[in-house]
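[1] Sequence first, then the predicted structure, then my questions.
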Amino acid sequence: MLKEGDDMLTKRQLLVLKEIIRLYTETGQPVGSKTLMEALPLHVSSATIRNDMAALETQGLIVKTHSSSGRVPSTVGYRYYLDHLVEPAAVSPLDLATIQDAFGGHYHKLDEIIAQSADILSQLTSYTAISLGPEVSDMKLTGFRLVPLGNHQVMAILVTNSGAVESQVFTVPGNLDTDALEKAIRVVNDQLVGLPLTDVASRLHTEVPQLLMRYMTSPDGFLDLFGNVLKQAASERFYVSGRLNVMNFIGDQDLDQLKRVLSLIDDDGGQINQLLGPAPGQPIQVRLGDELTNNTLKNLSLVIASYDVNQHGTGMIALLGPSSMPYSKMIGLLDAFRSELAKRLTSYYANFDE
């Protein structure tokens, strides 16, 4: 196993490792010395290549498969490659045009762009794509109202400065004092509009109940109603596209893992939030197998990219795929994608602010 202080790999061994990873991620087939001889940009003997492969195997960077004499990269090998050798490939003009065209529509809500980004990325890669919108820390309340629906039901509608509209339907008591309710709504709009949602949530537990007591005998019901809509508006929004693509790289070889992975990505956000963790310190980060928070993802890989929308915060996009994904291509694609997504969101905010 490669460790700190081990002998450095020679330039040729590094080249052999890089070529094994390239060939294996492109073909899915174990790589033998004969194949390497034909692929390497050097003229060396088969015996020399076998010696280099033996050195890489001793370091734990490649492993021999049971089915052939070829070698495949180990998780340690992928990690070493990603840390020291990977060179992001330039995105193809066709892929870039596809991304730009797909983002060319007219969007009424921020969430539509975030959801669309996951769809585009999944279609481009055939992997499972996860998209998280800009942080909600600066999202502000711009309005709240209740719309009567009949049969003792009302729809609560909350609007934010990002253009997001959150609505929920509630059943209310038949003897509800509608006049008091209107005054409570007015208190919210007079006292809380323009504040960040985090501040609004805080004030629901401090001065707002006291203000409402002037008009309502017990404001608890209204506070619960408003609090539920507020919580939903302030929650992080994950969009997942290409869920069933995991079947292409897990298949029926491990049905238990397939079920666990599908359950994880169908979660309402809690497990995905834990999986992505905090925004990566680098623009693009790759987490492999046992580096992920859940053993469910063994032999899988998560490529995470962050994007910045200036004062509107940061978001993340991620690809979940096999550990044998072509990292050079995927990292290059995600780099271009995050740039185009940031441009589209910046344009959306500029139009909305107008």
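    Perfect, thanks for sending it. Numbering: from 1, shown residues only.
[2] host element of D119?
    helix 110-125 (DSSP states H and E).
[3] for whichever helix or strand comes after that helix, packing partners?
    Note on helix 110-125: by DSSP H and E, the next helix or strand toward the C-terminus is strand 128-132. Secondary-structure packing of strand 128-132 (3 or more CB pairs under 8 Å, 6 or more residues apart in numbering; DSSP states H and E): helix 110-125, strand 238-241, helix 270-276, strand 314-322. Using the backbone N, CA and C atoms, a C-beta is placed for each residue, glycine as well.
[4] Give me the next element, helix or strand, following strand 128-132.
    Next along from strand 128-132, by DSSP H and E: strand 141-150.
[5] Keeping just the C-alphas, turn that next one into PDB.
    Extracted in PDB, the C-alpha atoms of strand 141-150 (Å, rounded to 0.1, in the frame of the first residue of the first chain):
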ATOM      1  CA  LEU A 141     -39.300  37.300   2.800                       C
ATOM      2  CA  THR A 142     -41.200  39.500   0.300                       C
ATOM      3  CA  GLY A 143     -44.800  38.600   1.100                       C
ATOM      4  CA  PHE A 144     -47.200  36.200   2.800                       C
ATOM      5  CA  ARG A 145     -50.900  35.600   2.300                       C
ATOM      6  CA  LEU A 146     -53.700  33.100   2.900                       C
ATOM      7  CA  VAL A 147     -56.200  32.200   0.200                       C
ATOM      8  CA  PRO A 148     -59.500  30.500   1.300                       C
ATOM      9  CA  LEU A 149     -60.200  27.300  -0.600                       C
ATOM     10  CA  GLY A 150     -63.600  26.400   1.000                       C
END
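[6] in its sheet, what does it sit against?
    Sheet pairing for strand 141-150, assigned by DSSP bridges, gives strand 153-160 (antiparallel).
[7] Please export the alpha-carbon coordinates of the partner strand; PDB is fine.
    Output in PDB follows, covering the C-alpha atoms of strand 153-160 (Å, rounded to 0.1, in the frame of the first residue of the first chain):
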ATOM      1  CA  GLN A 153     -59.200  24.900   4.000                       C
ATOM      2  CA  VAL A 154     -56.700  27.700   3.200                       C
ATOM      3  CA  MET A 155     -53.600  27.900   1.000                       C
ATOM      4  CA  ALA A 156     -50.700  29.600   2.700                       C
ATOM      5  CA  ILE A 157     -48.400  31.300   0.100                       C
ATOM      6  CA  LEU A 158     -44.900  32.700   1.000                       C
ATOM      7  CA  VAL A 159     -42.800  34.600  -1.600                       C
ATOM      8  CA  THR A 160     -39.100  35.300  -1.300                       C
END
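[8] Could you check the angle the helix holding D119 makes with strand 314-322?
    If you take axes from the mean of the first three to the mean of the last three CA atoms, to 10 degrees, helix 110-125 sits at 30 degrees to strand 314-322.
[9] any residues touching helix 110-125, and which ones?
    With contact meaning CB atoms under 8 Å, 6 or more residues apart in numbering, helix 110-125 is reached by 95, 98-99, 102-103, 105, 107, 128-134, 162-164, 237, 239-242, 245, 315, 317, 319, 321, 330, 333-334, 337, 341, 344-345, 348.
[10] just checking, what packs against the helix ranked longest in the chain?
    The longest helix of the chain (DSSP state H) is helix 327-353. Packing partners of helix 327-353 (3+ CB pairs under 8 Å, 6+ apart): helix 11-27, helix 75-84, helix 93-102, helix 110-125, strand 284-288, strand 300-308, strand 314-322.
[11] Can you lay out the ones you listed as TSV showing distance to L141 and mean neighbour count?
    Below are the helices and strands packed on helix 327-353 laid out as TSV (distance: least, CB to CB, whole Å; neighbours: other CB atoms under 10 Å):
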stretch	distance to L141	mean neighbour count
helix 11-27	48	19
helix 75-84	43	18
helix 93-102	32	14
helix 110-125	15	20
strand 284-288	34	20
strand 300-308	24	23
strand 314-322	21	23
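[12] for V63, which residues make a bridge with it?
    Under DSSP bridges, the beta-bridge partners of V63 are V72.
[13] where among the helices and strands packed on strand 128-132 is the average confidence lowest?
    Here the lowest mean pLDDT among the helices and strands packed on strand 128-132 goes to helix 270-276, at a mean of 71.
[14] Run through who's touching that helix.
    In this structure, residues lying in contact with helix 270-276 by CB under 8 Å, 6+ apart are 130, 132, 236, 238, 240, 264-265, 292-294, 297, 302, 304, 316, 318.
[15] Name the SS class of the residue in the chain sticking out farthest from the centre, please.
    The C-alpha centroid of the chain is most remote from N175, which lies 46.0 Å away (CA atoms, centre = their mean). Following DSSP: H, G, I helix; E, B strand; the rest coil, the label given to N175 is coil.
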